[in-house]
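> Here is the input, now give the coordinates:
(chains A and B)
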Amino acid sequence: AQSVTQPDIHITVSEGASLELRCNYSYGATPYLFWYVQSPGQGLQLLLKYFSGDTLVQGIKGFEAEFKRSQSSFNLRKPSVHWSDAAEYFCAVGGLTGGGNKLTFGTGTQLKVEL
Amino acid sequence: NAGVTQTPKFQVLKTGQSMTLQCAQDMNHNSMYWYRQDPGMGLRLIYYSASEGTTDKGEVPNGYNVSRLNKREFSLRLESAAPSQTSVYFCASSEQAADTQYFGPGTRLTVL
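Sure, this is the predicted structure:
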């Protein structure tokens, strides 16, 4: 069965500091990997995704993530955090096994940005 | 394009009442999904429809039914609501299986 672990429930960073959010996954084949962001009271917005090819993927709002197969990880990074980045971030894994794209989500990391 | 729309945005039910959550997408997507979100548990898949005319159970289907009314619409029904179904419900759609999913704004449901 596929699964996602986001080991950090809460993270606080200062504005302008760098950020790394951790994501580890378990999947029996080549995974499709996603990062979504959720602002309070809103739905989920896609930040970036990895399907194949270059293991470093760029997303919106200056975010990037690197797929490391050997570590089963897909960590999200941003070089300089802005106060507007405060939100909850979800990593998800899916793929072509079985019927439909059944994404499995992590439990989320709540990001707080200190001014 | 409105993307994925959900109605209602908020709902309060009493235990045992029934209701249907509506979801529609205008992106001509083939696949649609219903999730529930609870604090500390991420999003859990309730039901999904890989294509028009098909539906399948997800991780937490008990107490729910779904209908893929047509390619655009996918509804979620609670026949006899229970307090354990208090949650935020999200509908999503994707062009094909394994594609990016696009989410609606959510329905916040409270069952007393």
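> how close does the residue positioned nearest the centre of chain B get to chain A?
In chain B, the C-alpha closest to the average C-alpha coordinate belongs to B:Trp34, at a distance of 3.0 Å (C-alpha atoms, centre = their mean). Distance from B:Trp34 to chain A, counting by C-beta to the nearest C-beta, to the nearest Å: 12 Å. The C-beta positions use only the backbone N, C-alpha and C, and glycine is treated the same way.
> now swap in B:Gln17 and tell me
B:Gln17 is 25 Å from chain A, where distance means C-beta to the nearest C-beta.
> Please name the residues that touch that residue.
Each residue near B:Gln17 by C-beta atoms under 8 Å, 6 or more residues apart in numbering or on different chains is listed here: B:Ser80, B:Ala81.
> Could you look up the SS state of it?
Under DSSP: H, G, I helix; E, B strand; the rest coil, B:Gln17 falls in the coil class.
> rewinding a little: where's the residue nearest to the centre of chain B, which helix or strand?
Per DSSP states H and E: B:Trp34 is located in strand B:31-37.
> Return the list of helices and strands in contact with whatever helix or strand comes next after that strand.
Next helix or strand after strand B:31-37 toward the C-terminus (DSSP H and E): strand B:43-49. Helices and strands touching strand B:43-49, by 3 or more C-beta pairs under 8 Å, 6 or more residues apart in numbering or on different chains; DSSP states H and E, are strand A:104-105, strand B:31-37, strand B:56-57, strand B:64-68, strand B:74-78.
> Check the average confidence over strand B:43-49, would you?
Over the span of strand B:43-49, the pLDDT mean works out to 93.
> Who are the contact partners of residue 81?
Since you didn't name a chain, this refers to chain A. Contacts of A:Val81 (C-beta under 8 Å, 6+ apart): A:Val13, A:Ser14, A:Glu15, A:Gly16, A:Ala17, A:Ser18, A:Leu19, A:Leu111, A:Val113.
> wrong one, I was asking about chain B
B:Leu13, B:Lys14, B:Thr15, B:Gly16, B:Gln17, B:Ser18, B:Met19, B:Leu109, B:Val111.
> Between the contacts of A:Val81, which sits nearest B:Leu69?
A:Leu111 (37.8 Å; C-beta to C-beta).
> Run a quick neighbour tally on the closest one.
21 (other C-beta atoms under 10 Å in any protein chain shown).
> what does A:Gly95 give?
When neighbours are counted by other C-beta under 10 Å, A:Gly95 comes out with 20.
> picking that back up, would you point out the most distant pair within the contacts of A:Val81?
Longest span within those, C-beta to C-beta: A:Gly16 and A:Leu111, 14.1 Å.
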